[in-house]
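# Sharing a sequence plus its predicted fold:
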Amino acid sequence: MERTRVPGVPRIHLVSNLPGVNALGDHLRAAGLGPTSARSADALLVLIDRPLDHVEQDLLDRARTSVPVLLAGPTVRSLPADSPLVESSGLVPGRATPPYKLTLRTGPQGEAIMVRAGEFHPRESWVMPEKIADDVERLILVRHGMTDHPICTWRPSAGLGMFTLGAGAEVLADPAYHRLVGRWLRHCLGVLDAPPVSVGLLGTAEIAASHRAAIDATDGLALAAICDGGAPRPAPHGGPRAPRRVEDPDDLVNDPELAVVVVATPTHSRLEWAGRALEADKHVVVQGPLCTRAADVDQLAELANARSRILAVHAEGTSDPAYQALRAAVGRGAVGEPLWIQAHRGSRHRPAGSWHDDERISGGQLFDRGADALEQILALIDEPVVWVSASTVKRVWYHVSNADHSRLLVRFAGGGEAQVVVSDLAGAPRPRLEVLGSAGALVLDGVGADPGPGGDGPAARPGGRHAGPPTFGDLDDGGDLPGLGAVLLVTHDGVSTRYPVAAGPESSAVPFYRELADLLVSGWPLRGRGVEAARPVVAVLEAAVRSAAAGGEQIVLR
């Protein structure tokens with residue numbers, strides 16, 4: 001049956017009796033895909049764990065009138081074998097597999113659905129099809145044995161689709177699943193992405209490099225111009241066309257061909273260039289921290305709202321895969337109530353003397369190297385900060401103006417506390433993040449992960465011919481220590497659980513730019529990447545600077 005593209009914003013009617021489905025509904029609503037009544041809907045999405053009975057014929061009638069009917073989660077396995085919906089879908093469901101970790105693959109017709117899908121490995125059972133009609137589009141596949149089986153389909157001739165993921169609460173709550181369902185809906189409605197968006201990159205060479213690699217790797221974004229003070233470089237073999245080199249930053253932010261400007265300049269100049277880009281009617285991405293004063297964050301937010309432009313912040317700390325594994329464990333209640341969090345950044349090595357070590361340019365040691373740790377902590381504790389205290393030490397490295405050692409203490413409204421330590425005096429490796437809770441403790445291993453100021457080399461390790469690999473010290477006999485980039489959970493009953501985190505080939509900026517591209521070309525919401533997440537980080541760091549100048553005085557945040 002012939003499909004026509006839905007004009008304007010499509011409206012979805014979601015039918016479900018599953019606990020936890022509200023998060024999916026909220027995501028579809030934020031993406032402009034609903035909700036609406038069944039009568040006025042452009043598509044019907046059904047997630048239900050009981051037979052549909054008399055409703056089946058109604059759904060078939062709607063599908064025949066060019067209203068796609070999409071059956072997701074446990075709906076398919078709840079249908080009887082002789083269901084007319086099964087017959088019309090062109091897919092005869094077979095047995096359900098036991099739950100296991102799935103690797104999703106792009107089907108022959110599924111490129112538009114899986115674009116920018118990233119790393120999503122749900123642990124769930126799925127329905128193995130016994131028979132598939134020739135005219136069924138295979139959108140998302142799972143390999144079982146030596147065969148690829150479809151778990152997400154669409155049959156244009158019947159107006160019916162099936163997606164057999166989404167039966168469990170964990171998958172239903174996953175934003176990656178929400179996005180796949182939304183793209184499935186758009187595909188069945190004939191809604192296409194907008195053309196790629198042109199991007200200009202402004203920054204120092206070492207910061208801009210990771211942004212450039214991530215932008216080049218993101219479908220929907222096209223890096224058109226770069227101003228980083230470097231010489232022109234050819235594009236990698238088989239890679240995208242090299243962006244044009246711009247010498248004057250003002251020329252880049254005012255380039256009429258650019259829709260987005262990325263500001264990856266030193267900390268002290270981010271406010272100026274973000275403001276100039278917004279005034280030039282560009283969408284703006286800023287390397288975190290956004291600036292050095294909370295009042296300036298508010299100024300930029302007001303300007304972005306007045307110009308109807310996007311102001312997004314790339315927070316390196318929360319993009320780290322190992323941190324995301326730790327955060328997921330905290331969210332599942334693995335440590336109970338978080339009571340104390342400690343983050344450490346540093347090593348004992350001589351600062352290189354770059355702008356990262358200049359207090360006037362970097363904002364100081366905490367702003368330059370502690371911001372990512374603070375981003376992680378504030379994302380773990382969903383409570384207001386009550387007060388901040390900080391101290392600094394300057395006794396060793398007099399060739400630079402940044403402190404040698406800085407400590408930041410944060411008190412939350414619920415009574416929990418957190419500490420960030422940034423040090424160029426630390427001779428022994430420490431975990432990058434520890435979370436102590438009412439039921440246990442989580443440790444994020446990051447030995448050697450902090451290159452020090454300016455990224456000029458790995459953190460120093462204790463020497464000696466018997467030194468061996470670095471460890472955290474005397475935690476049991478060393479056998480339960482996580483490996484690099486791993487998360488260790490130790491509960492109060494003495495049980496240890498290791499959550500290994502594989503090092504991916506992509507930079508931590510890639511997931512951020514995937515979400516930005518989804519916003520710009522598909523309209524998906526960009527959550528946790530804007531001013532609402534960036535302002536508390538700046539406010540706490542600003543208070544820390546005041547506290548350190550006052551000898552560690554507690555600064556109350558209002």
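Okay, I see it.
# Contact partners for the spatially closest residue to Ala259 that is not a sequence neighbour?
Of all residues beyond its chain neighbours, the one nearest Ala259 is Val197 (4.8 Å), with distances taken as Cβ to Cβ, 6 or more residues apart in numbering. (Each C-beta comes from the backbone N, C-alpha and C, glycine too.) For Val197, the contact set (Cβ atoms under 8 Å, 6 or more residues apart in numbering) comprises 220-222, 259-260, 517, 520-521.
# Could you report the distance from Val197 to Ala322?
Shown here: Val197 relative to Ala322, a distance of 30 Å by Cβ to Cβ, to the nearest Å.
# Same check on Arg360?
33 Å.
# Which one's more surrounded, these two?
Ala322 (23 against 12; other Cβ atoms under 10 Å).
# Now for that one, which secondary structure element holds it?
helix 321-331 (DSSP states H and E).
# again with Val46
strand 43-47.
# Show the average pLDDT along that strand.
Mean pLDDT, strand 43-47: 90.
# mind listing what that strand pairs with, with the direction of each?
strand 12-16 (parallel), strand 69-72 (parallel) (DSSP bridges).
# and Thr267, which of these is closest to it?
strand 12-16 (42.8 Å; Cβ to Cβ).
# Outside of whatever helix or strand comes next after the closest one itself, list whatever touches it.
Toward the C-terminus, strand 12-16 is succeeded by helix 22-30 as the next helix or strand (DSSP H and E). The contact list for helix 22-30 (Cβ under 8 Å, 6+ apart) reads 12, 14, 16, 34-35, 45, 47, 166, 172-173, 175, 177-179, 181-182, 185, 524-525, 527.
# Could you rerun that using 6 Å?
Residues from elsewhere that reach helix 22-30, judged by Cβ atoms under 6 Å, 6 or more residues apart in numbering: 12, 14, 34, 173, 178, 182, 525.
# Give me the buried positions along it.
24-25, 27-28, 30 (16 or more other Cβ atoms under 10 Å).
# want to throw the residues you listed into JSON lines with pLDDT and distance to Leu85?
Output for the buried residues of helix 22-30, formatted as JSON lines (pLDDT from 0 to 100; distance: Cβ to Cβ, whole Å):
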{"residue": "Leu24", "pLDDT": "87", "distance to Leu85": "21"}
{"residue": "Gly25", "pLDDT": "87", "distance to Leu85": "22"}
{"residue": "His27", "pLDDT": "84", "distance to Leu85": "25"}
{"residue": "Leu28", "pLDDT": "84", "distance to Leu85": "22"}
{"residue": "Ala30", "pLDDT": "82", "distance to Leu85": "29"}
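# Would you format the residues you listed as a markdown table with distance to His268 included?
Below are the buried residues of helix 22-30 laid out as a markdown table (distance: Cβ to Cβ, whole Å):
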| residue | distance to His268 |
| --- | --- |
| Leu24 | 43 |
| Gly25 | 43 |
| His27 | 37 |
| Leu28 | 41 |
| Ala30 | 35 |
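# C-terminal to the longest helix seen in the chain, what's the next element?
Criterion DSSP state H: the longest helix present in the chain is helix 531-549. Using DSSP H and E, the helix or strand that follows helix 531-549 towards the C-terminus is strand 555-556.
# tell me the mean pLDDT for that following strand?
96.
# residues in contact with that strand?
387-388, 543, 546-547.
# Buried ones only from these, please, as a PyMOL command.
To isolate the buried members of the contacts of strand 555-556 in PyMOL, using 16+ other Cβ under 10 Å:
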select buried, resi 388+543+547
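# Just name the closest of the contacts of strand 555-556 to His121, please.
Val388 (38.1 Å).
# Name all residues that make contact with that closest one.
Val388 touches 410, 540, 543-544, 547, 555, counting by Cβ under 6 Å, 6+ apart.
# Just the pLDDT for it.
98.
# Check the gap between the residue of the chain most remote from its centre and Glu124 for me.
In the chain, the residue that sits farthest from the middle, by Cα atoms, centre = their mean, is Asp82; the gap is 42.6 Å. Using Cβ to Cβ, one gets 26 Å for the distance from Asp82 to Glu124.
# Below-threshold pLDDT in the protein: ranges please.
For the chain, the stretches with pLDDT under 70 are 1-9, 230-241, 446-485, 500, 502-507.
# The same query, at a cut-off of 50, please.
Along the chain, segments meeting pLDDT under 50 span 1-7, 235-238, 447-484.
# Can you spell out which helices and strands pack onto whichever strand or helix holds Leu141?
Using DSSP H and E, Leu141 maps to strand 137-144. Other elements packing on strand 137-144 under the criterion 3 or more Cβ pairs under 6 Å, 6 or more residues apart in numbering; DSSP states H and E are strand 147-155.
# Give me the number of neighbouring residues for Pro80.
Counted with other Cβ under 10 Å, Pro80 comes out at 12.
# Pull the contacting residues for the nearest residue to Gly552 once chain neighbours are set aside.
Of all residues not flanking Gly552 in the chain, Ser391 sits nearest, at 4.6 Å (Cβ to Cβ, 6+ apart). Taking Cβ under 6 Å, 6+ apart as the criterion, Ser391 is in contact with 407, 548, 552.
# pretty sure Ser391 is in a helix, no?
No. Per DSSP: H, G, I helix; E, B strand; the rest coil, Ser391 lies outside any helix segment and is strand.
# the inter-axis angle of the strand holding Val46 versus helix 22-30?
170 degrees (axes from the mean of the first three to the mean of the last three Cα atoms, to 10 degrees).
# any idea which helix or strand comes after strand 43-47?
Moving toward the C-terminus from strand 43-47, the next element (DSSP H and E) is helix 55-64.
# neighbouring contacts of that next one?
Taking Cβ under 6 Å, 6+ apart as the rule, helix 55-64 contacts 69, 84-85, 159-160.
# Okay, and which of the residues you listed map to strands?
69, 160 (DSSP state E).
# Buried among the contacts of helix 55-64? Make that a PyMOL selection.
Buried residues among those (16+ other Cβ under 10 Å), as a PyMOL selection:
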select buried, resi 69+85+159+160
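# would you turn the contacts of helix 55-64 into a markdown table with distance to Ala315?
Compiled in a markdown table, these are given as follows (distance: Cβ to Cβ, whole Å):
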| residue | distance to Ala315 |
| --- | --- |
| Val69 | 40 |
| Pro84 | 50 |
| Leu85 | 44 |
| Gly159 | 42 |
| Leu160 | 41 |
